[in-house]
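>>> fold the following and give me the result.
(chains A and B)
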Amino acid sequence: MMMLKRDKKEEEEGGGNPFNNLEKSTVLQETRTFNETPINPRKCGHILTKLLYVINQGENIGANEATEAFFAMTKLFQSKDPILRRLMYMGIKDMSKIANDVIIVTSSLMKDMTGKEDQFRGPAIRALCSITDTSMLQSIERYMKQAIVDKVPGVSSAALTSSLHLSKTSQDVTKRWVNEAQEAVNSDNIMVQYHALGLLYHIRRNDKLAVTKLVSKFSKHTLKSPYAYCLLIRIATKLIEEEDAGSGSPMFDFIESCLRHKSEMVIYEAAQAIVQLKNTTAKDLAPAVSVLQLFCSSPKPTLRFAAVRTLNKVAMKHPAAVTACNLDLENLITDVNRSIATLAITTLLKTGSETSVDRLMKQISTFMSEISDEFKIVVVQAIRSLCAKFPRKHSVLMNFLASMLRDEGGFDYKKEIVDCIIATIEENPEAKEAGLAHLCEFIEDCEHTVLATKILHLLGREGPRTPTPSKYIRFIYNRVILENAAVRAAAVSAIAKFGGHCEELLQSCVVLLERCEMDTDDEVRDRATFYVNVLKQQQRNLSSAYILNGLTVSVVGLERALYSVLEHGLKHVCCTGLTVSVVGLERALHQYTLEPSESPFDMKTVPLATQPLADQKVRETPGLAGDVGKPEKSAATRQDLYAEQLAAVPELANVGALFKSSQPLEITESETEYYVQCIKHTFSNYMVFQFDCTNTLNDQVLDRVTVDMEAADGFEVVKQIPCPSLPYNKPGSTYTLVHLPEDPTSVTGTFPCTLKFVVRDCDPNTGEPDDDGYEDEYVLEDVEVTVADHVQKVMKPNFAASWEEVGPENELEDTYALSSMSTLEEAIKNIIQYLGLQPCERSDKVPEGKSSHTLYLAGIYRGGHDALVRAKLALDTSGVTMQLTVRSTDPSVSEVLATAIA
Amino acid sequence: MDGGILEPSLYSLKALAILDNDGNRLLAKYYDDTFPTAKEQKAFEKNLFNKTHRANAEIIMFEGMTCVYKSNVDLFFYVVGSSNENELILASVLNCFYDSISQILRKNVEKRALLDNMDAVFLATDEICDGGIILEADPNAVVQKVAVRNDDIPLGEQTVAQQLTKKLEVLQSAKEQIKWSLLK
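The predicted structure is shown next:
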């Protein structure tokens, strides 16, 4: 009674919460009451509840304290009070992970589990399984089997779910309970049926035949539980996906029949399943869509939400299928649940016509502030696809994006908007001015350094080429005055680009940059000084090399690396404006410092920075699920990895620095005895062919594996580095070193290849090979060396400047008729593939409806020569006509590239 | 996400929770490793509460999960599942969760009554979900399994009223009986 009174007092203090201000130590202290006899169920129950409450609040209880409380709790088994007993089961479950020696209660729980009190049995089983491990499981196995088929539903369900929990650790034991689970599926109780089906599937999930049987059996014999139906639909969906079957499958018939089930849950599950299947046609979708359409007018928000969300998914793949629901979706635009309204609008944006865009945008802007960031991102993504779909609507959409940019929002949301604006600017030249203006306004008040630098970089690239570049400079220079060092540095680079590109602005830019020479941050100062000096030279090619297309990214890395070189007293460093990979540069410099020599350090020995793979155009579907994949960034590129791999082969030590590695090329079918991939590594005078071989025969070991290459004209096989041994299924590499022809213009060739090796038979089980083997060979596909293998892609953001920089000295021009190409896109794709150069200024995209186009390509040829190609293409009746102009710093390179297409 | 073909599994719940009208946890059970520490769990609850306590919208996508919720007076009930989970299954669990507690509290769904019957609330939660598997979705079955000692429940206002009506009924029937006996 005393305690209750005290509780009352606490209640008043704690605003009516008797559990407020509970001290963990006090509660643990109180558990000593459990040791008193006779047990007062009421009092002990109250203390136990408090203990559960404290644990539930996430208090950290130490192992010793927990064990003490746990042992006190076991005393309560003496009481028969049902509430107290079951609170104890919960206590046991909660403490099973923190206390020691919890298995002490096993026998008491087993007694309850097999006892007469049905009320105790189910919870006792669940508590027991939470403290049981694999070794103990044997002893309770018999009881578990019995419990699974028990006629009391609660007991059976408890046993089934516990089996599923146990199967995480003791798969083998629970597998033996499959017959009992089978029997339990036939139970009348809906939950038992559901749990039994779940367990049955879990046991058999790796046996496809058994799962197929399972579905076909239960899809005929009607289950009672809607939950079980949902599960069965999921199993059937998975089967269809695995088999890649279409709507002809009997599984699909089953799912479709579920659309007519009486439970909404099952109908929705079936509709969702049909929508998610890959091989569905508009016809297959129709019944699912009409069911979802009905749900749209349901009074239950959850049902409406589910329906709109699924329709939204349909709209991504088959917008036409959803148009029938447009009217219902229009009604949902004003739904009180903002999630539903947002989904409805984004769905309509996908399915609607150009005329409805204005109205929908107006509607959506009324409640933009009320929805969560995640949904705002969904909206932005919808707008992004709209911009691409209806380029003429860019002014409405841009204004909307700008107003969203002004509102409150997290980083991800802002980044999405900025990305969207940038994408629109790049795709739609008409939207450029407006977009840049909005972005300028945004950086005036932008708290995210990453976004500010990104935008400044964009302004530096795009701004100088607009009709009035001067108006951007004010925005950029404001950043220099107001922002942190990183943004200031980016702003300095951007100003320099204006100066480099626009002659009339040169003087003012130099003045601005000179002011930055007094900056507090050394990076900003350094950049400013550097740019001022370059700009003062007033030489176009210098500006182009160092400012417009220069090493913007790796300046810091380069400086640091060069600094360390200078420290070693080496003063002859000549560098040309190459885009180099920082890792490669470091490595080259390191080597140079190790072997001091009189010759100057040459940047051409440094490998180029490999271009990141083409922009991932496939956008993740709008962030309905949170697991939006973040593209992984690895510090070292693929090429750096190869360089390291090759450096580890001593025989290849003297070939120089790696220039380029090709993509792996399969030169066998993937399902043959020996699987071989070839990677071509280009060096300045050599080529290394790396053959990654896999032996797929488990009764053979291959020794001394080499690849014999018949050298084409001028090429010379110098060395073969065999792979000493190739056991079953362990990939190994063999290398062939080829000297490139002396004649700089002969660079291509075809190499017939043969895999040569010594076979030793072995026992497939032990892998123990015989002592003696015999020689054998295996013919591989030919390996071709193309022009593209000698060229590294380099992005020149300002192609025209580079074009002037290289100059017409080694220019070659020729006209070709590409009669086999029927479209400009096809021609562009092929030219890029032949030459292996990087398309610049988005010239690989042809605006719709044009019959002529100019493609700009840039790259570096083996040996460090700049290579630029301008291809003017025109479409006529006989095919595509191309005028190809090549400029390069080396005459033979121009020749090689000019003849590559022919 | 779009490629969200659900792995057929019984594990469909990520969490159950009851929060008060300040967003404090009264009860919360997490069934997977989405939020491994108590700190992360509480931060999640706070955020979820902030998003949901004003708009009574019943369902929300939150941090990549689907949350269904229901509130009454000063209590907020939440059921959380994966974003690919069938929303209606989650809603059915929420209904069961709410209705069974409502029955246990004799329709008096508010914080005070909940705290007075915390033991039964714990037991009901335990009967509804076992380690992420829906154990029971019928509120009547849950209440029956919890089997609170009806006679033991302290006399709240509700019970007083009930007792009174009972008394009145007895009185009424006595009156009737007397009436009939007089008429005879």
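
>>> closest point of chain B to chain A, which residue?
B:Gly64 (1.4 Å; CB to the nearest CB). The C-beta positions use only the backbone N, C-alpha and C, and glycine is treated the same way.

>>> so what's the residue count around that residue?
For B:Gly64, the neighbour count with other CB atoms under 10 Å in any protein chain shown is 16.

>>> same question for the one 4 residues further on.
B:Val68 sits with 28 neighbouring residues when counted by other CB under 10 Å.

>>> ok so, going back, give me the phi and psi for the residue of chain B closest to chain A.
phi 80, psi 20 (degrees, to the nearest 10).

>>> check the gap between it and B:Ser9 for me.
18 Å (CB to CB, to the nearest Å).

>>> for B:Gln41, same thing?
If you measure B:Gln41 against B:Ser9 using CB to CB, the figure is 22 Å.

>>> likewise A:Lys116?
With CB to CB as the criterion, A:Lys116 and B:Ser9 are 34 Å apart.

>>> got it, and B:Ile59?
22 Å.

>>> so between these two, which is more surrounded?
Legend: neighbour count by other CB under 10 Å for B:Ile59 and B:Ser9, higher for B:Ile59 (25 against 15).

>>> show me what the more buried one bridges to in the sheet.
B:Val68 (DSSP bridges).

>>> OK, contacts around the nearest residue in space to A:Ile98 that is not next to it in sequence?
Computed as CB to CB, 6 or more residues apart in numbering or on different chains, the closest residue to A:Ile98 that is not its neighbour in sequence is A:Ala66, at 4.3 Å. For A:Ala66, the contacting residues are A:95, A:98-100, by CB atoms under 8 Å, 6 or more residues apart in numbering or on different chains.

>>> what number of residues lie near A:Val360?
That one is not Val; residue A:360 is Leu. Counted with other CB under 10 Å, the burial measure for A:Leu360 works out to 19 neighbours.

>>> ah, wrong one, I meant A:Arg392
A:Arg392 is flanked by 10 other residues according to other CB under 10 Å.

>>> my read: it touches A:Asp358, true?
No - using CB atoms under 8 Å, A:Arg392 makes no contact with A:Asp358, being 11.6 Å away.

>>> need the residues touching each of the two.
Between them, A:Arg392 and A:Asp358 share no contacting residue under CB under 8 Å, 6+ apart.

>>> what's the local residue count around the closest residue to A:Asn186 other than its chain neighbours?
Spatial nearest neighbour of A:Asn186, excluding adjacent residues (CB to CB, 6+ apart): A:Gln193 at 7.8 Å. For A:Gln193, the count of nearby residues is 26 (other CB under 10 Å).

>>> average pLDDT for the strand or helix carrying A:Glu775?
Secondary structure assignment for A:Glu775, by DSSP states H and E: strand A:774-779. Strand A:774-779 comes out with an average pLDDT of 86.

>>> and what of stretch A:146-153?
What stretch A:146-153 shows for mean pLDDT is 90.

>>> I'd like to know how many residues surround residue 137.
The chain I'm using is chain A. Other residues within reach of A:Leu137, judged by other CB under 10 Å, total 17.

>>> switch to chain B, please.
Applying other CB under 10 Å, I find that B:Ala137 has 23 neighbouring residues.

>>> same question for A:Glu775.
By the measure other CB under 10 Å, the count of residues near A:Glu775 is 10.

>>> what sits closest to it if chain neighbours are left out?
Using CB to CB, 6+ apart and skipping residues adjacent in sequence, the residue nearest A:Glu775 is A:Val758, 5.5 Å away.

>>> what's across from the residue lying closest to A:Thr668 once chain neighbours are set aside in the sheet?
Residue nearest to A:Thr668 in three dimensions, not counting chain neighbours: A:Val676, with 4.9 Å by CB to CB, 6+ apart. With DSSP bridges as the criterion, A:Val676 is bridged to A:Cys693.
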